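> Sequence and predicted structure below; questions after.
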Protein chains: 2
Amino acid sequence: MALASRNIGVDDSRTRLVEAAEQLMREEGYAAVTSRRVASKAGLKPQLVHYHFRSMDDLFLAVSERGAQQLSEHLDRALASHQPLHSLWELISDRNTAVLASEFLALANHRRTIRAEVARYAKRYRSVQIELLSLTFSECGISRTLYPPAAMALIMESIARTLAIEASLGLSAGHADAIRFVKRYLDIVEPVRSPRKSSKREKLLADLSGRGGPVPRK
Amino acid sequence: MALASRNIGVDDSRTRLVEAAEQLMREEGYAAVTSRRVASKAGLKPQLVHYHFRSMDDLFLAVSERGAQQLSEHLDRALASHQPLHSLWELISDRNTAVLASEFLALANHRRTIRAEVARYAKRYRSVQIELLSLTFSECGISRTLYPPAAMALIMESIARTLAIEASLGLSAGHADAIRFVKRYLDIVEPVRSPRKSSKREKLLADLSGRGGPVPRK
DNA sequence: GTCTATACTTCGATAGAC
DNA sequence: GTCTATCGAAGTATAGAC
């Protein structure tokens, strides 16, 4: 892991600013991420934001890269787990992840540099999910025309994100039903069985960690 | 329709401001909705915003009410149509509607007055969809335990919204597949047949127009 | 209802001392 | 790397003339 050395025992200002920005984004939305508020949350002076980041967009990109990095690691673990599809569902259902993701989608809607980064990562991330589903379906004899992996990946993520957003607004109508529905589907597509080694799955894992990952800036 | 009289031939400043605000929200996100930018888009002076609306939150609420009103009317038409479920899908798939809705969800995440209004309307709106699905399922003999109407309503809307947001970011992976998947499902649940009168469906329609609609302020 | 003028706040960003 | 000081831009909102 190339970036790990950078994060060992690091609690420096830069990291704290990125963490504060991420927290603000999740709790109060991207519009609350101002240099002053971020600094205040990190217990630092506002001017330090501009020392560590050329502009606020750069700060957002740093939050994005950090999120993408963490998501990739979680996805690695999910793919390597006993029931990768079930693990994937748990992963994308995480409220923090889903809320942060939708804040970035909203932000991407009106900031060009963010849009490019979000689109780039979303594409890569989705394609890994599609390969996983594709692999699982062929192992289980699921029809690829009746249940196109690309559609299923999109649908799973849509549902997870909606559940998270609605829950954070205090809405819960249909949530329990929807979760049961998805889980029942997952149990059919990926029944419990003993762990196995799959060379294809290992290749998938290598692909994600390598190709086109977040580019370290320094 | 109680509010109609208010909108006959009206192109007054207030309406133009609301329209400009809505457009800005869709095109550049809620953060772009400032008194200056809204006024500029409407060809008016910024101070007029504060004459017509006590605060910016009031402006957002006006946009919300207008959107809710229009959505209700569209939903009325969808419920009354030949294939209400198919019409519902077309309705929630409309890009403008979906993008505006997700902007409001994001806005609701960090403005308390907006949150209350959005939650209130979302609840009502969803419950009408659930009743429609419930009715359609029982007419078609679809199992309500295997396909809980509440879950299906949530899932349909999730997919539609995700497709709209991703499309506006230039992402299209799996979109065609997902649309085909949903349409195939709709064709099974609600096959083409001759129009009919359903007293239950008419009651549903009346419920939506009446109970708890947007409250006129003056 | 619409205008001008303006008070006040908060923001992003930079310069320069230490 | 962190601080003080500060600029200019943009935001919300109000007062008062017409």
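Arrived safely.

> Now the most centrally placed residue in chain A: which helix or strand?
Nearest to the mean C-alpha position of chain A, by C-alpha atoms, centre = their mean, lies residue A:71 at 4.3 Å. Using DSSP states H and E, residue A:71 sits in helix A:56-80.

> got it, and residue A:41?
Judged by DSSP H and E, residue A:41 forms part of helix A:35-42.

> Next secondary structure after the strand or helix carrying residue A:102?
Using DSSP H and E, residue A:102 sits within helix A:95-108. Note on helix A:95-108: by DSSP H and E, the next helix or strand toward the C-terminus is helix A:112-140.

> between that following helix and helix A:56-80, how many degrees?
10 degrees (axes from the mean of the first three to the mean of the last three C-alpha atoms, to 10 degrees).

> other SSEs contacting helix A:112-140?
Under the contact criterion of 3 or more C-beta pairs under 8 Å, 6 or more residues apart in numbering or on different chains; DSSP states H and E, helix A:112-140 touches helix A:56-80, helix A:84-93, helix A:95-108, helix A:149-168, helix A:175-189, helix A:199-209. Bear in mind the C-beta positions are built from the backbone N, C-alpha and C, glycine included.

> buried ones in the helix holding residue A:41?
Going by neighbour count (16 or more other C-beta atoms under 10 Å in any protein chain shown), the buried part of helix A:35-42 is A:35, A:37, A:38, A:39, A:41, A:42.

> thought the first one was touching residue A:55?
No - in this structure, residue A:35 is not within contact of residue A:55 by C-beta atoms under 8 Å, at 9.6 Å.

> How many neighbouring residues does residue A:141 have?
Neighbour count for residue A:141, taken as other C-beta atoms under 10 Å in any protein chain shown: 6.

> Likewise for the one 10 residues further on?
Neighbouring residues of residue A:151 were enumerated by other C-beta under 10 Å; the total is 22.

> Could I get the pLDDT score of it?
Residue A:151 carries a pLDDT value of 97.

> and it, what does it touch?
Going by C-beta atoms under 8 Å, 6 or more residues apart in numbering or on different chains, residue A:151 touches B:174, B:177, B:178, B:180, B:181.

> So which of the buried residues of helix A:35-42 is the closest to chain B?
Nearest to chain B out of the buried residues of helix A:35-42 is residue A:37 (C-beta to the nearest C-beta; 11.9 Å).

> is it true that that closest one touches residue A:24?
Yes - here residue A:37 reaches residue A:24: they are 6.2 Å apart, a contact under C-beta under 8 Å.

> Poorly predicted segments of chain A, please.
Along chain A, the parts satisfying pLDDT under 70 run over A:1-10, A:193-218.

> Break chain A down into its domains, please.
Domain segmentation of chain A under automatic domain parsing yields A:1-53, A:64-210.

> returning to that earlier point: tell me if the helix holding residue A:71 is near chain B.
No - between helix A:56-80 and chain B, judged by C-beta under 8 Å from any C-beta of the partner chain, nothing touches; the nearest distance is 11.9 Å.

> One more: stretch A:163-178?
Yes - judged by C-beta under 8 Å from any C-beta, stretch A:163-178 comes into contact with chain B at A:163, A:165, A:166, A:168, A:169, A:170, A:171, A:173, A:174, A:175, A:177, A:178.

> Next, the contact list for the residue nearest to residue A:148 when sequence neighbours are not counted, please.
Spatial nearest neighbour of residue A:148, chain neighbours left out: residue B:177 (3.8 Å); criterion: C-beta to C-beta, 6 or more residues apart in numbering or on different chains. Counting by C-beta under 8 Å, 6+ apart, residue B:177 makes contact with A:148, A:150, A:151, A:154.

> Tally up the residues packed near the last one, please.
In this case it means residue A:154. Neighbours of residue A:154 using other C-beta under 10 Å come to 27.

> That one contacts residue B:178, doesn't it?
Yes - here residue A:154 reaches residue B:178: they are 4.9 Å apart, a contact under C-beta under 8 Å.

> Identify the contacts common to these two.
B:159, B:163.

> gap between residue A:18 and residue A:64?
From residue A:18 across to residue A:64, the span is 10 Å (C-beta to C-beta, to the nearest Å).

> Check residue A:86 too.
27 Å.

> Of the two, which one has the most company?
Between residue A:86 and residue A:64, counted using other C-beta under 10 Å, the more crowded position is residue A:64 (23 against 17).

> Let me see the contact set for residue A:182.
A:89, A:156, A:159.

> Centre of the chain to the helix holding residue A:41, how far?
Distance, stretch centre to chain centre, for helix A:35-42: 24 Å (C-alpha atoms, centre = their mean, to the nearest Å).

> What is the following helix or strand past that helix packed up against?
Counting by DSSP H and E, the next helix or strand C-terminal to helix A:35-42 is helix A:47-52. Applying 3+ C-beta pairs under 8 Å, 6+ apart, one finds that helix A:47-52 contacts helix A:13-28, helix A:35-42, helix A:56-80.

> would a markdown table of the ones you listed with distance to residue A:95 be doable?
Output for the helices and strands packed on helix A:47-52, formatted as a markdown table (distance: least, C-beta to C-beta, whole Å):
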| stretch | distance to residue A:95 |
| --- | --- |
| helix A:13-28 | 9 |
| helix A:35-42 | 20 |
| helix A:56-80 | 14 |
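
> Can you get me a residue count around residue A:11?
Residues lying near residue A:11 (other C-beta under 10 Å) number 8.

> Over to residue A:30?
Using other C-beta under 10 Å, residue A:30 has 26 other residues around it.

> so what's it up against?
With contact taken as C-beta under 8 Å, 6+ apart, residue A:30 is in contact with A:60, A:103, A:104, A:106, A:107, B:31.

> Was I right to think the fifth one contacts residue B:29?
It stands for residue A:107. Yes - contact criterion C-beta under 8 Å: residue A:107 and residue B:29 qualify, at 7.5 Å.

> Overlap in contacts, these two.
With C-beta under 8 Å, 6+ apart, residue A:107 and residue B:29 have no common neighbours.

> As CSV, the helices and strands packed on helix A:47-52 with distance to DNA strand D would be great.
As requested, the helices and strands packed on helix A:47-52 are exported to CSV (distance: least, C-beta to the nearest atom of the strand, whole Å):
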stretch, distance to DNA strand D
helix A:13-28, 3
helix A:35-42, 8
helix A:56-80, 12
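
> re the thing from before, neighbour-wise, which one of the residues of stretch A:163-178 next to chain B leads?
residue A:174 (25 neighbours).

> how many other residues sit next to the closest residue to that one other than its chain neighbours?
Sequence neighbours aside, residue B:150 is the residue nearest to residue A:174 in space, at 3.1 Å (criterion: C-beta to C-beta, 6+ apart). Per other C-beta under 10 Å, the neighbour tally for residue B:150 reads 21.
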